[in-house]
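J.: Build the 3D model from these lines:
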Amino acid sequence: MKGSYSKLIDKHRIWIGVFGKQRLSRWEDLLNANPEAAICEAATRELLSGYGINIKPHEDVSFGGPDFLCVKNNNLVYVEVTCITKEKITRKTTLDDSPRGAAYYRLLTKTFLEELRNKVPQCSNLDAPCIVAIGTLHRQAGYKCFGKHAAEDLLTGTPLISMKFDHKKARGIGDIYQSTDLRDSAFIRFDKTLTGQIECARNPISAVLLCAFGYSPIKVVGVLHPNPNYKFDRSLLPDTEFCRLVKGYETDLLRVEWM
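T.: Purely as a prediction, here's the structure:
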């Protein structure tokens, strides 16, 4: 697998080597132990640099933190990279890694949410927006599970098919409609009171990038937090489409728009 990404690996090796032997050694160790994670990290850096962003390693070798510190036009943003391996995706979705025709598969909404939950501590106590880039080298899943539909589900939660139920007649009434319990939503949830108000969650994460690095051409879509600790200026990534909740989501129907 490393051979397929040899140019990317060599370029990242040169880049990170500029920042010292210790950082280079740590990345080489990651490349040997978990090559997919190391390659996703390198691919994310290359993606960001293609937007003219100045990038430096940020993760403290002792205390952790986001992987990158990025600056463009005096705007500061941190980027934390996480990788969902081919093996894990195949187990979660039933998709194998080879291109083929239509097949039944499960979505990755819950898996994305798990990744974000795990990254909240690394995105906390910062002085600027923090993006979590979720990458994979899995080709099939990159095409089917990392697109716009996946981004929208990450905002609203897995959609459910519902119908009003008449308890006296013990049957459904009216038309079928789509609903959500927000259980899989990345950034909103029902509060724990009986009023069922919507509140925001995981506020240290300003945005998410879903990065299909194994799919050619590379496909990336973004998801914006409706009320983060620090708002991310999406103009830093002008060619990347981001989805967000339409204002009024707290009391009205959940609607998603792309920008």
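
J.: Which parts of the chain are helices?
T.: Under the criterion DSSP state H, the chain contains helices at 6-17, 21-33, 35-49, 86-93, 109-123, 139-144, 148-156.

J.: and the angle for the third one with helix 6-17?
T.: Looking back up the chat, that one is helix 35-49. 70 degrees (axes from the mean of the first three to the mean of the last three CA atoms, to 10 degrees).

J.: Renumber starting at 6 from here on
T.: Shifting the count to begin at 6 puts that one at helix 40-54.

J.: which residues are contacting helix 40-54?
T.: Here helix 40-54 makes contact (CB atoms under 8 Å, 6 or more residues apart in numbering) with 6-7, 10, 13-14, 16-17, 20, 32, 35-36, 60, 72-73, 75, 84, 86-88, 90-91, 138, 140-142, 214, 216, 218, 223, 225, 242. Placement of C-beta: from N, CA and C, glycine included.

J.: Relative to residue 134, tell me which of the helices of the chain wins on proximity.
T.: Nearest to residue 134 among the helices of the chain is helix 114-128 (9.2 Å), distances taken as CB to CB.

J.: now for that closest one, which elements pack on it?
T.: Taking 3 or more CB pairs under 8 Å, 6 or more residues apart in numbering; DSSP states H and E as contact, the helices and strands that helix 114-128 lies on are strand 80-88, helix 91-98, strand 135-141, helix 153-161, strand 212-217.

J.: Could I get the average pLDDT for it?
T.: The predicted model assigns helix 114-128 a mean pLDDT of 95.

J.: Now do that helix: distance to the chain's middle.
T.: Remark: helix 114-128 is offset 8 Å from the chain centroid, using CA atoms, centre = their mean, to the nearest Å.

J.: Repeat that for stretch 108-127.
T.: Centroid separation between stretch 108-127 and its chain, computed with CA atoms, centre = their mean, is 8 Å.

J.: How about it, which residues are buried there?
T.: Under the neighbour-count criterion of 16 or more other CB atoms under 10 Å, stretch 108-127 has 110, 112-114, 116-118, 120-121, 124-125, 127 buried.

J.: what does stretch 192-208 give?
T.: In stretch 192-208, counting by 16+ other CB under 10 Å, buried: 192-194, 203, 206-208.

J.: tell me which of these is nearest to residue 133?
T.: Of all these, residue 133 sits closest to residue 208, with 13.8 Å by CB to CB.

J.: Could you pull up the contacting residues of that closest one?
T.: Residue 208 makes contact with 230, 232-234 under the criterion CB under 8 Å, 6+ apart.

J.: quick one: which of these is most hemmed in?
T.: The most crowded member of the contacts of residue 208, judged by other CB atoms under 10 Å, is residue 230 (27 neighbours).

J.: For that residue, which residues are in contact?
T.: Counting by CB under 8 Å, 6+ apart, residue 230 touches 191-192, 205, 207-208, 210-212, 237.

J.: cool, residue 15 as well?
T.: Listed by CB under 8 Å, 6+ apart, residue 15 has no contact partners.

J.: how near is it to residue 42?
T.: Taking CB to CB, to the nearest Å as the measure, residue 15 and residue 42 are separated by 18 Å.

J.: Then residue 19?
T.: Distance of residue 19 to residue 42, given as CB to CB: 19 Å.

J.: So which of the two has more stuff around it?
T.: With neighbours defined as other CB under 10 Å, residue 19 and residue 42 compare such that residue 42 has more, 18 against 10.

J.: What pLDDT is listed against the nearest residue to residue 20 once chain neighbours are set aside?
T.: The shortest distance from residue 20 to any non-neighbouring residue, by CB to CB, 6 or more residues apart in numbering, is to residue 50 (6.8 Å). If you check residue 50, the pLDDT there is 98.
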